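Novice: Build the 3D model from these lines:
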Amino acid sequence: MKDPTYQKVAYGIVMAIAVIIVHFLNVRIYPLHPILSFVMAILIIYAGITAVKKSGKFEQTISRMRYNLLNMIVVFVLFIAYFTIAAS
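Specialist: Down below sits the predicted model:
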């Protein structure tokens with residue numbers, strides 16, 4: 001496996017943000033059709049990954065422990081945000 005970089009962590013953050021935005025729209029704004037939700041998530045992810053690739057700030061390699069810790073934090077925040085949106 002290649003060395004972990006901040007770019008890989010940023011990809012995970014982009015995907016988490018897409019899930020949170022689509023879930024927020026479904027719950028709080030307007031219940032969307034599942035296919036429309038899926039397409040919207042894909043478009044948000046595509047735009048985010050394109051922005052991350054264009055930026056050269058994320059090419060720095062990081063240790064495996066920091067990589068796993070950052071991914072764990074992203075998953076934890078995604079979990080909390082998802083159920084906080086649904087609970088209210």
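
Novice: Going by C-alpha atoms from here, please, whenever you check contacts or count neighbours.
Specialist: Will do.

Novice: quick one: average confidence on stretch 23-32?
Specialist: On average, the pLDDT along stretch 23-32 is 88.

Novice: typed the wrong thing, it's stretch 47-64
Specialist: Stretch 47-64 shows a mean pLDDT of 92 in the predicted model.

Novice: Give me the neighbour count for the nearest residue to Asn26 once chain neighbours are set aside.
Specialist: Distance criterion C-alpha to C-alpha, 6 or more residues apart in numbering; nearest residue to Asn26, sequence neighbours excluded, is Leu32 at 5.6 Å. Residues near Leu32, counting by other C-alpha atoms under 10 Å, number 15.

Novice: and Leu32, what element?
Specialist: Taking DSSP states H and E as the definition, one finds Leu32 inside no helix or strand.

Novice: I'd like the distance between it and Leu78.
Specialist: Plainly put, Leu32 is 20 Å away from Leu78 if you go by C-alpha to C-alpha, to the nearest Å.
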